[in-house]
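Peer 1: Next one to model:
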Amino acid sequence: VNWLENGVSHCEWYGVKCKDNDSNTNSRSITVTVTDYTTNNKNNSTVDLLDIIVEPTALNLNGNFLKGPLPSTVGLLTQLTLLDLQKNSIIGNMPSEINFLTKLNSLWLNDNALSGVIPTLSNLTQLEIFIMSGNSFRGPISETILDFVYNCPNITM
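Peer 2: Numbers count the residues shown, from 1 in each chain. Here you go, the predicted structure:
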C-alpha cells in the first residue's frame, strides 16, 4: 500500500480508482476499494481519507470497513453530488456540516453505527436519495427531515 508515501497522488494509491467523468465540467468521481486491510497502516479511518481527497463530485466508500466518526471536514467536499458511506463502521453523530453539501442528490449512510439526533439538513434541496436505515438515530425528527419525507423521491429511514 502506498498511502503513506509523500508525493503520491491519491489516484495512484492501491485500491483507489479516480475517473474524470466530464472534461468540460472537471467533474471527478472517486471510488475507493480497499482490498488488503492487513497492510493499511491508516486503519481505514474516515478522517484520513477525507483529509486528502480534493473536490470530487462523487465519493463512494461503500463497504470499505471504515471505522470511527464521520469528520466535520466532510462539509468541505462542496462539489459532491453523491456520497456513499453505507456498510461501514462509522460511529457517532452525523456532522451538521453535511448541510454544506448543497449539490448532493444522493446520500447513503445506511448500515453504520451513527447515533444521536439527525442535524438540520435544510440546505440539501437537491437531495433525491437519502438512505439512513440501519443506524441508531434518536431524538425528535426536525421539520426539515419531515420535509424530506414529503419531498425526497427516495428516502429510507
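
Peer 1: how about the residue nearest to residue 113 when sequence neighbours are not counted, phi and psi?
Peer 2: Computed as CB to CB, 6 or more residues apart in numbering, the closest residue to residue 113 that is not its neighbour in sequence is residue 91, at 4.6 Å. Where C-beta positions appear, they are placed from N, C-alpha and C, glycine not excepted. Note on residue 91: backbone dihedrals following degrees, to the nearest 10 are phi -120, psi 170.

Peer 1: Lowest-scoring secondary structure element of the chain by mean pLDDT?
Peer 2: helix 46-52 (a mean of 50; mean pLDDT, DSSP states H and E).

Peer 1: Mind listing the strands whichever helix or strand comes after that one pairs with, and their directions?
Peer 2: Per DSSP states H and E, the first helix or strand lying C-terminal to helix 46-52 is strand 58-60. With DSSP bridges as the test, strand 58-60 is paired with strand 27-32 (parallel), strand 82-84 (parallel).

Peer 1: Compare the mean pLDDT across those and name the weakest.
Peer 2: Per-stretch mean pLDDT for the strands paired with strand 58-60 is lowest at strand 27-32 (a mean of 54).

Peer 1: Report the separation between residue 82 and residue 129.
Peer 2: 9 Å (CB to CB, to the nearest Å).

Peer 1: Need the overlap of contacts for these two.
Peer 2: 105, 106 (CB atoms under 8 Å, 6 or more residues apart in numbering).

Peer 1: Quick one: classify residue 99 as helix, strand or coil.
Peer 2: The three-state assignment at residue 99 reads helix, by DSSP: H, G, I helix; E, B strand; the rest coil.

Peer 1: Excluding residues flanking it in the chain, which one is nearest it?
Peer 2: That would be residue 123: by CB to CB, 6+ apart, it lies 4.7 Å from residue 99.

Peer 1: Isn't that neighbour up against residue 98?
Peer 2: No: Residue 123 is beyond contact range of residue 98, at 9.1 Å (criterion: CB atoms under 8 Å).

Peer 1: which one of those two has more residues nearby?
Peer 2: Using other CB atoms under 10 Å as the criterion, residue 123 and residue 98 rank with residue 98 on top: 23 against 14.
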